[in-house]
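**Student:** Build me a model:
(one chain, ligands or ions: 1)
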Amino acid sequence: MDTTRLLDEIDEGFIYIDKEGIVKAYNQVAKEITGVVFQRTSVHPEGRIEKGDLVVIADNRMGYDDGNLTVEDLNVLNLPYNDLKLGDAFIAVGIYGDDHCKGIVKNWRNKAINRKLKHSGVFEGYFIEVNIDVVGKSMEIVIDHVSYIMHYTHAVGHMVVIDGKTGALKFHQARGYTIRKETIRDLLSQKKFRSKVPNEESYEVLNKKIGDIFEYNELLSKIYDSLNGKGGFFDKAFYQINKRPTLCTLQPIGKSNAPEGVVLKIVDVSNLEVLMMKRNEILMKMEMANESLLTEARDGVHEMFEKIIGSSQPMQHVMHLAYKASKSRSTILITGESGTGKSLIAKEIHKLQGGKSKPFISVNCTAIPNTLFESELFGYEKGAFTGAERTGKKGFFELASGGTIFLDEIGELPLDVQSKLLHVLQHKSFYKVGALQPTHVNVRVIAATNVNLEEAISERRFREDLYYRINVFPIEMPPLRDRKTDLYPLIRNIMEKLSEEIGIPVKDFSGEALDKMVSYDWPGNVRELENVIERAMNISDADIIESECITINVKRETKPLNMKEQLQEIEKQMILEALERNEFRHKETYEMLGLSRSVYYEKLKKYDISKS
Ligand SMILES: Nc1ncnc2c1ncn2[C@@H]1O[C@H](COP(=O)(O)OP(=O)(O)OP(=O)(O)O)[C@@H](O)[C@H]1O
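**Tutor:** Residues are numbered from 1 along each chain as shown. Take a look at the predicted model:
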């Protein structure tokens, strides 16, 4: 038996990738799991949608994972006017290119969806039923009692097409549609779809770059890291490959720090994942019910912060804290490096607190000249000083009454204004400049800073009593380098946002370009990422952004390290070098360094050095 056939006998997916990232073996199960071939009864020949064909679409989030579908793309189905918008879940039924036959469309604003979405009825002689199960994460299109199901994790665009001339199945969506370039948008714009023939290879994968086969995600970056000798091998971890949930194992061939190639083993766990999701849903609901918050929280904490992207552990923690903060009126202190999203989370907390219709006044403390602070924050009475407006003026605190005042860069407040702020926090009142009577306000204060306030206290630049007053509910925003798994969704989200702003279509990144972004530490955090992406979108002429278009300012002014930080850096380097010398064998490494086992492992944890 030759090796290929032997590999095809294995009942788990098996992919061998050589040192250059080129696929050298890809067995049958791997092809099935990753959507390269089909093993199904609903087969059809290749073709394209034509005038007169019946088209049924179910989509849980328009514009996501459907090829960036737009409302205009659906004009070919002659749908009645309604307020369908990007991000909506929708069901559409129509006859392709037929101006005389009005289609049907139903849509749901995405945020509000927490139930099953349905449509059923007879259309042009076909009995059609469509079910989108948002909780169970599945979509079913039934045409004349034949059912086509798709499972999904975040978003999916499902579509079935019936030949208008013969009434036979012409096309149905199946997993792996991104790789086969068969998104709804592709096909509605007359692109060709491939045939679905049981077990027939429809897409050649051997000798292709793995980055051209897998969409970019954390798994792909782990594969590249491991090929580059950076380790990162793992056993049975959950990953999505081309939208399909899988359990993967990544092993080196040869030495793990200089592998000749890597083997990726994959087990399909679609059904298992659905079960787990249901279980998690129930657990979450129970927890929420305990807090009597079921109604507000049924979409999960993550869903509540629609603008905040990131599901890494540190971000989940932040969102959990922010959610709790939104339930209280305590003062919040948000700390974190520049560009980590401090202003963003402040606004989201305000919104979640029911503040959409209430004022949110953002004050950048670095932007106000020292002499104007008091009058800007607290306002002044008429005739308070020469040059004052005759009617007097409301300050930021009064403008924020009933809502939130966001004091950004609070570390920059002059000391005399700090004591006045302390007074507001203690007494919920302040004196306008020139006023004899206090003004009372009910304002939620959210402060933010990227300087170390404790250091500022020791240098007598910040009042200690004010620090304790504002640090009631601290939230620390993690830097991007500590949550690199958030890079992929952030990149996608920023692209989509920018695409609307600057009018350049969303593009993909090449494997190398992603590699470059993942290995960078992003000292400027999300703001820097936004700038790099905007530049790349402007520079790149092609559909795929290559690594040359990623211009990262590696040489930047960095704050000099203090002595403690320098010593830590040296210690980290020593451990890394010793590990390399000992080919990542831990016992030899800690013996060589003269450390005890426990101290050694503590240091690995402290410096975030992988144990594999
Ligand atoms: N988790 C996130 N998801 C999506 N966008 C984000 C996220 N974090 C930050 N951003 C975006 O990055 C940019 C910078 O964020 P923001 O202004 O909130 O940072 P900041 O911490 O307040 O920065 P600074 O300290 O410099 O004021 C904004 O455009 C914001 O929308």
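
**Student:** quick one, helices of the stretch 251-400 of the chain?
**Tutor:** Secondary structure of the stretch 251-400 of the chain (DSSP state H, counting those that start in this stretch): helices at 270-290, 294-297, 300-304, 313-326, 342-350, 373-378, 396-399.

**Student:** least reliable of those going by mean pLDDT?
**Tutor:** Among the helices of the stretch 251-400 of the chain, helix 294-297 carries the lowest mean pLDDT, a mean of 38.

**Student:** Run a quick neighbour tally on the residue in the chain positioned nearest to the ligand.
**Tutor:** Residue nearest to the ligand within the chain: Gly341 (2.6 Å; C-beta to the nearest ligand atom). The way it works is simple: take the backbone N, C-alpha and C, and place the C-beta from them, glycine included. Neighbourhood size, Gly341 [other C-beta atoms under 10 Å]: 23.

**Student:** That one and Met477 touch, don't they?
**Tutor:** Yes. If you go by C-beta atoms under 8 Å, Gly341 and Met477 touch, sitting 5.6 Å apart.

**Student:** ok, now which ones touch the residue of the chain closest to the ligand?
**Tutor:** Residues in contact with Gly341 (C-beta atoms under 8 Å, 6 or more residues apart in numbering) are 308, 477, 525-526.

**Student:** What does the pLDDT read for it?
**Tutor:** 95.

**Student:** Could you pull up phi and psi at it?
**Tutor:** phi 100, psi 30 (degrees, to the nearest 10).

**Student:** The chain should start at 47 in everything you say after this.
**Tutor:** That works, and once the first residue is 47, the last one we named lands at Gly387.

**Student:** quick revisit: looking at the contacts of Gly387, which gets the smallest pLDDT?
**Tutor:** Ile354 (89).

**Student:** Look up how far Lys388 lies from that residue.
**Tutor:** 12 Å (C-beta to C-beta, to the nearest Å).

**Student:** show me the residues around the closest residue to Met523 other than its chain neighbours that make contact.
**Tutor:** Spatial nearest neighbour of Met523, excluding adjacent residues (C-beta to C-beta, 6 or more residues apart in numbering): Gly382 at 3.0 Å. Counting by C-beta under 8 Å, 6+ apart, Gly382 makes contact with 388, 494, 496, 522-525.

**Student:** need the next SSE after the helix or strand where Arg538 lies, C-terminal direction.
**Tutor:** Element membership of Arg538, judged by DSSP states H and E, is helix 533-548. For helix 533-548, the succeeding helix or strand toward the C-terminus, using DSSP H and E, is strand 554-555.

**Student:** what helices or strands is that next one leaning on?
**Tutor:** strand 590-591 (3 or more C-beta pairs under 8 Å, 6 or more residues apart in numbering; DSSP states H and E).

**Student:** mean confidence for the helix or strand just after the strand it packs on?
**Tutor:** As assigned by DSSP H and E, the chain's next helix or strand after strand 590-591 is helix 609-627. When pLDDT is averaged along helix 609-627, the result is 79.

**Student:** by contact count, what packs against helix 609-627?
**Tutor:** Short answer (3+ C-beta pairs under 8 Å, 6+ apart): helix 609-627 packs on helix 632-639, helix 643-652.

**Student:** Residues of the stretch 247-396 of the chain that sit close to the ligand?
**Tutor:** 354-356, 382, 384-390 (C-beta under 6 Å from any ligand atom).

**Student:** Make a PyMOL selection of the buried ones in these.
**Tutor:** Selecting only the buried entries of these in PyMOL, with 16 or more other C-beta atoms under 10 Å as the criterion:
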select buried, resi 354+355+356+382+385+386+387+388+389+390
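
**Student:** so how far is Phe452 from Ile414?
**Tutor:** From Ile414 to Phe452 the distance is 14 Å (C-beta to C-beta).

**Student:** what about those two, which has more around it?
**Tutor:** Phe452 (26 against 19).

**Student:** Tell me the gap between the strand or helix carrying the more buried one and the middle of its chain.
**Tutor:** Assigned by DSSP H and E, Phe452 belongs to strand 450-454. Remark: strand 450-454 is offset 26 Å from the chain centroid, using C-alpha atoms, centre = their mean, to the nearest Å.

**Student:** Then stretch 467-483?
**Tutor:** With C-alpha atoms, centre = their mean, you get 42 Å for stretch 467-483.

**Student:** what does it rub up against?
**Tutor:** 377, 420-421, 423-427, 429-431, 434, 438, 441, 443, 453, 459, 466, 484-489, 491, 509, 511-512, 515-516.

**Student:** end to end, how far does that stretch reach?
**Tutor:** 17 Å (C-alpha to C-alpha, to the nearest Å).

**Student:** And it, what's buried?
**Tutor:** 467-471, 476-479.

**Student:** for stretch 564-573, same thing?
**Tutor:** Within stretch 564-573, the residues scored as buried using 16+ other C-beta under 10 Å are 564, 566, 568-572.

**Student:** quick one: is that stretch near the ligand?
**Tutor:** Yes. Stretch 564-573 is in contact with the ligand by C-beta under 6 Å from any ligand atom, via 572-573.
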